[in-house]
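Visitor: Got a predicted structure here, sequence first:
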Amino acid sequence: MAADNIGILISFALYLVFMLFIGWIFYKRTKNLSDYILGGRGLNYWVTSMSAQASDMSGWLLLGLPGAAYLAGMEAAWIAIGLAIGTYFNWRFVAKRLRKYTEIAGDSITLPDYFENRFRDESKILRIVSALFILIFFLIYTSSGFVAGAKLFSTVFDLSYQVALLIGALVIIIYTFLGGFMAVCWTDFFQGIIMFFAVIVVPTAAIIRLGGLGATSATINEISPELLDMFSNMEGSPLPLIVIISSAAWGLGYFGQPHILARFMAIKSSAKIKQARLIAMIWVVVSLACAVAVGILGRAYFKSSPLAPGAEETILMVMINALVNPLFAGVLLAAILAAIMSTADSQLLVTSSAVTKDFYKVLLRKKASDKELVWVSRLAVIGVAVIAYIIGLDPESSVLGLVAYAWGGFGATFGPLVILSLFWKRMTLKGALGGIIVGGVTVIAWKQLSGGIFDLYEIVPGFILSVITIAAVSLIDKKPSREITDEFDRVGTSDI
């Protein structure tokens, strides 16, 4: 798309100014570290739900998933199904109890905080190991957001990949640096609305332009009937069970994502979780279905001039360019930027909180003031972003590939620990530590292997082995103290 298109330039500029304005507002309101990292537990249920889902889906919803559907058709729907189920179970079973437990257990404002307080870990080892894995996987995850931003800016404004990467990273860094958690959540709220709008408008416009549902379906079948078959690959062979399991297993990742769990911890009251869950599920189901549709419809719309190999993750941008007038296109393209920013900002914030609370304060400055910690968090945002930027410098980087690695890492490292810590009274500190290490290391090791059984998505073995480790070590270990079990029981009766 031409860089001198004034309509698109105006839309992007207005959007970016609005995001920075929100960052400035909450910069003035941030008084302490709890405000910066968790917003003082003051989120309403609308912002909680939209922020959780916008920060969850990121640029891969509008780039990676449509790209996968463009290549493989309805096979990509297995990822969407797994994610929809995982979203529901996370909201239904984890959200409410986590909100209560984190406040009762020493008013914990980060996941490592919660783990330490939940198991009375005076050695700090659980906190430090948790923070280490957060750093590892969020560097990869944040990099995926920067890569998505680079692909957007380079496609829309015809910039070099490296320049586009720098512009996208700078915008995200600035408003996260300024406003912290509340700025991130309120920008996510508006970004989620824009994303939802865009992902509905584009496939609807494509179907209309192709002549309606019947004509669209006929065109897709002419290309390949397998595009609409969930149980066959593009060669017409039955889809291997391992592919279905690996795709649906994306849903397991939800239980261990620190940036999503932070929203549950920050809602004003656990009583508001039910309303937030309903909003979140409508958003997720519609958005995932439409994202898959974008990829498949893109194959039909560009039947005579398919995208070049490796460019499939730009399908939504190309369709917007082809289907929508320039002024309106700027709004829809800003939605892609919204998807990217809504996750990258959250990841930067969680990573900076790990650096500040779990390394700086624990190991270097135990008596650091709140003001000092807020500024350390802001500087950590810059430091983490620089490393993520360096990781993303390779123009061949795949958004979906980077997200899959980080998503699987968090899901296997923290998912079993979060679930069992909330619902199993017999779980112990040693079991928790063993589960984190086994889950995280399994994902990293499995990722390096390929071929045969190792084609299985690394979250599956990582999650299973982490659960087994937690259960086995906890049962061998001595029972938790009366103080810990009493606190566990109190969570069930609390109405905070």
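Guide: All right, it came through fine.

Visitor: Beyond the top helix by length along the chain, next helix or strand please.
Guide: Ranked by residue count and defined by DSSP state H, the top helix of the chain is helix 161-210. Next helix or strand after helix 161-210 toward the C-terminus (DSSP states H and E): helix 213-223.

Visitor: Please save the CA atoms from that following helix in PDB.
Guide: What follows is helix 213-223 as a C-alpha-only set of coordinates in PDB (Å, rounded to 0.1, in the frame of the first residue of the first chain):
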ATOM      1  CA  LEU A 213     -22.000 -17.600   0.300                       C
ATOM      2  CA  GLY A 214     -22.900 -20.000  -2.500                       C
ATOM      3  CA  ALA A 215     -20.500 -18.500  -5.000                       C
ATOM      4  CA  THR A 216     -17.700 -18.200  -2.400                       C
ATOM      5  CA  SER A 217     -18.100 -21.900  -1.400                       C
ATOM      6  CA  ALA A 218     -17.900 -22.900  -5.100                       C
ATOM      7  CA  THR A 219     -14.800 -20.900  -5.600                       C
ATOM      8  CA  ILE A 220     -13.100 -22.400  -2.600                       C
ATOM      9  CA  ASN A 221     -14.000 -25.900  -3.800                       C
ATOM     10  CA  GLU A 222     -12.500 -25.200  -7.200                       C
ATOM     11  CA  ILE A 223      -9.200 -24.400  -5.600                       C
END
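
Visitor: who's in contact with that helix?
Guide: With CB atoms under 8 Å, 6 or more residues apart in numbering as the test, helix 213-223 has contacts from 206-207, 210, 227-228, 296-297, 299-300, 303. In short, each C-beta sits where N, CA and C put it, glycine included.

Visitor: is it true that residue 191 touches residue 57?
Guide: No - at 9.9 Å, residue 191 does not count as touching residue 57 under the criterion of CB atoms under 8 Å.

Visitor: For ChimeraX, write the selection for the buried entries among the contacts of helix 213-223.
Guide: Restricted to buried positions by 16 or more other CB atoms under 10 Å, the ChimeraX selection for those reads:
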select :206,207,210,227,296,297,299,300
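
Visitor: Name the SS class of residue 367, please.
Guide: Here residue 367 is recorded as coil under DSSP: H, G, I helix; E, B strand; the rest coil.

Visitor: er, residue 106 I mean
Guide: Following three-state DSSP, the label given to residue 106 is coil.

Visitor: where are the low-confidence patches of the stretch 51-200 of the chain?
Guide: When residues are selected by pLDDT under 70, those of the stretch 51-200 of the chain lie in 55, 58-59, 172, 175-185, 187-188.

Visitor: coming back round to it: and the angle for the longest helix of the chain with helix 213-223?
Guide: Relative orientation of helix 161-210 versus helix 213-223 (axes from the mean of the first three to the mean of the last three CA atoms, to 10 degrees): 120 degrees.

Visitor: next one: helix 161-210 to chain centre, how far?
Guide: Centroid separation between helix 161-210 and its chain, computed with CA atoms, centre = their mean, to the nearest Å, is 13 Å.

Visitor: gap between the residue positioned nearest the centre of the chain and residue 191?
Guide: Centre of the chain computed as the mean C-alpha position; nearest residue by CA atoms, centre = their mean is residue 56, 3.2 Å away. Look at residue 56 and residue 191: by CB to CB, to the nearest Å, they are 12 Å apart.

Visitor: again with residue 217
Guide: In terms of CB to CB, residue 217 sits 32 Å off from residue 191.

Visitor: the more surrounded of those two?
Guide: Comparing residue 217 with residue 191 by neighbour count (other CB atoms under 10 Å), the higher total belongs to residue 191, at 28 against 14.

Visitor: any idea how far that one is from residue 374?
Guide: Distance of residue 191 to residue 374, computed by CB to CB: 24 Å.

Visitor: Show me how far the strand or helix carrying residue 379 is from its chain's centre.
Guide: Assigned by DSSP H and E, residue 379 belongs to helix 370-391. How far helix 370-391 lies from its chain's middle: 19 Å, per CA atoms, centre = their mean.

Visitor: pLDDT of it, averaged?
Guide: Averaging pLDDT along helix 370-391 yields 79.

Visitor: between the very next helix or strand once past it and helix 370-391, how many degrees?
Guide: Moving toward the C-terminus from helix 370-391, the next helix or strand (DSSP H and E) is helix 399-423. Interaxial angle, helix 399-423 versus helix 370-391 (the same axes, to 10 degrees): 140 degrees.

Visitor: buried sites along helix 399-423?
Guide: Neighbour-count burial for helix 399-423 flags 399-400, 402-422 (criterion: 16+ other CB under 10 Å).

Visitor: Remind me what the following helix or strand past that helix packs against, helices and strands.
Guide: Downstream of helix 399-423, the first helix or strand assigned by DSSP H and E is helix 429-447. Here helix 429-447 touches helix 111-119, helix 125-157, helix 399-423, helix 459-476, going by 3 or more CB pairs under 8 Å, 6 or more residues apart in numbering; DSSP states H and E.

Visitor: what comes into contact with helix 429-447?
Guide: 115, 118-121, 125-126, 129-130, 133, 136-137, 405, 408-409, 412-417, 420-421, 454, 456, 458-459, 461-463, 465-467, 469-474, 477.

Visitor: Show me which of the residues you listed are buried.
Guide: Using 16+ other CB under 10 Å, the buried ones in the contacts of helix 429-447 are 115, 118-119, 121, 126, 129-130, 133, 136-137, 405, 408-409, 412-417, 420-421, 456, 458-459, 461-463, 465-467, 469-471, 473-474.

Visitor: burial of residue 369, as a residue count?
Guide: 11.

Visitor: do the same with the one 5 residues further on
Guide: The number of residues packed near residue 374 is 20, by other CB under 10 Å.

Visitor: same thing with residue 424?
Guide: 14.

Visitor: Tell me how far the spatially closest residue to it that is not a sequence neighbour lies from residue 168.
Guide: Spatial nearest neighbour of residue 424, excluding adjacent residues (CB to CB, 6 or more residues apart in numbering): residue 474 at 7.7 Å. From residue 474 across to residue 168, the span is 44 Å (CB to CB).

Visitor: With residue 117 instead?
Guide: Taking CB to CB, one finds residue 117 at 37 Å from residue 168.

Visitor: more neighbours, the two?
Guide: The neighbour comparison of residue 117 against residue 168 (other CB under 10 Å) goes to residue 168, with 27 against 20.

Visitor: Would you list the phi and psi of residue 232?
Guide: Main-chain dihedrals, residue 232, degrees, to the nearest 10: phi -130, psi 150.

Visitor: Please verify my assumption that it contacts residue 243.
Guide: No - in this structure, residue 232 is not within contact of residue 243 by CB under 8 Å, at 10.8 Å.

Visitor: which residues do those two both contact?
Guide: Common neighbours of residue 232 and residue 243, counting by CB under 8 Å, 6+ apart, are residue 75.
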